[in-house]
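K.L.:
structure of the sequence below:
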Amino acid sequence: MNLSTATKWRIRLGAAAAVAAVAVLLLVPTPGGGADPDPAGSAGSAGSATLAGLWPDARPMDLPATLPDGTTFTPVAVLDRTAVVVQIADADGSTASLALLDPSDLAHPRPLQQIPIAGGGSFDAVAVEGDQVYWMSSVADDQGGTRGTLLRAGRSGAPVTLTADTGHATFSGSLYDLQVADGRIWWTATRGAYPPTTDLRSVPVGGGEVTVRPLDGTYHLAAWPWAGSDGIGGEPVRQLNLVTGERRTIAQPLGEELFCGVAWCRSVVRAADSAVVTLRRPDGTGTTGRINADGEVPLFVDVAALDRFEFLAAPISTRAATASERLALFDLKTGRRAALAVSTAEGLAGTWLWWATGDNETMTWHLLDLATLR
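P.N.:
Numbering: from 1, shown residues only. Now for the predicted structure:
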């Protein structure tokens, strides 16, 4: 079985959601030396090592965010160290482009698609599998809405449209919004709100007829072959194995915000003067101590990248033009923390993490393959 990686950069670009969430916490005093609700351990406000200190062989790939022609780009996925999928902010401001960028030849990105951004045009999700890039884009229609298209491209050759029959595709900002498995590319779409129903949609990777499978409830894709529903308003988290039909129901304790992937659940408990982040297995075992320092909140929607790494952010500045935050990594395998950087934007796709430092002409992207952190 071949599995893909995917990202939804429209949500994570700039980590705006993370900054806003942390900003709320900073309106009240941090717990300081208060007691840790879980005496098994606490991140505290200090004690983080550096990335190089824990993994001397870690080698982030550094790319200036401004291309030679003066346009700027954001990474959205990585095939390998020679091919990065990027979104380029075109010079005229009315269009955006998706392209393949060779880090050794920044002057010649290979265009994949250019779309108008007026009326809600966007690149919604991207997945990579082998040498292939799959993506879904939306452009304004003549009814005041948008229409979606799913496309595929290799390292060379013209892009191919796989389907325009995307339904009302849904995107949660997850790595798994769009993914390749069993020779097909999969996504979810909203069928109806009353009662809530989700369409599981897929099409062969080579193109063809779209198949649609209704799911009762509101689901989003998790690591294949699982789909999950969020525990909103105290409701339990529900997970469904799309191949075997196995179901999981994970209770959400009173006072907790619970987010679950296939391997780990993240619990956030907010009080008048603090937030405490812990993780545990979906069956309730393996609970960690507190992993966040004062003022930190989880950075990404997905829980435990590679079933191992949690990323945390605490703001330094929340002004729109210069929003920045201090990033940290928590390693569930070893229980160690690493301070990463002061960043102005972040992203995560497959095994790759990236963050930006500097601003304007000095802005630089740093791309790290998490699979190299042994």
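K.L.:
switch to C-alpha atoms for all contacts and neighbour counts from now on
P.N.:
Noted.
K.L.:
what's the local residue count around Asn360?
P.N.:
Neighbour count of Asn360, defined by other CA atoms under 10 Å: 12.
K.L.:
quick check on it: phi, psi?
P.N.:
Asn360 has phi and psi values of phi 50, psi -130 when expressed as degrees, to the nearest 10.
K.L.:
same deal with Pro298?
P.N.:
Per degrees, to the nearest 10, the backbone of Pro298 is at phi -60, psi 140.
K.L.:
quick one: the helices in the stretch 1-150 of the chain?
P.N.:
Counting by DSSP state H, counting those that start in this stretch, the stretch 1-150 of the chain has helices at residues 9-12, 16-25, 51-54.
K.L.:
mean confidence (pLDDT) on the longest one, please.
P.N.:
Okay, so that is helix 16-25. Mean pLDDT, helix 16-25: 34.
K.L.:
now the first one
P.N.:
Confidence over helix 9-12, taken as the mean pLDDT, stands at 33.
K.L.:
distance between the ends of stretch 302-309?
P.N.:
10 Å (CA to CA, to the nearest Å).
K.L.:
next one: stretch 56-73
P.N.:
29 Å.
K.L.:
any low-confidence regions in the stretch 201-350 of the chain?
P.N.:
273, 318-322 (pLDDT under 70).
K.L.:
part of a helix, is Glu361?
P.N.:
Yes - with DSSP: H, G, I helix; E, B strand; the rest coil as the criterion, Glu361 is part of a helix.
K.L.:
start at 8, not 1
P.N.:
Taking 8 as the first residue, the last one we looked at is Glu368.
K.L.:
contacting residues around it?
P.N.:
Thr73 (CA atoms under 8 Å, 6 or more residues apart in numbering).
K.L.:
let me see the confidence value for it.
P.N.:
So Glu368 comes in at 83 (pLDDT).
K.L.:
correct me, but Arg154 touches Asp131?
P.N.:
No - between Arg154 and Asp131 there is no contact under CA atoms under 8 Å: 11.5 Å.
K.L.:
now do the shared contacts for those two.
P.N.:
Ser145.
K.L.:
higher neighbour count, those two?
P.N.:
When Arg154 and Asp131 are compared for neighbours, Asp131 comes out ahead with 23 against 19, by other CA under 10 Å.
K.L.:
any idea how far that one is from Thr81?
P.N.:
14 Å.
K.L.:
so Val244 sits right up against Cys267, yeah?
P.N.:
Yes - between Val244 and Cys267 there is a contact under CA under 8 Å: 7.3 Å.
K.L.:
which stretches of the stretch 8-157 of the chain have low pLDDT?
P.N.:
8-54.
K.L.:
try 50
P.N.:
Within the stretch 8-157 of the chain, the ranges that satisfy pLDDT under 50 run 8-53.
K.L.:
right, I'll leave it there.
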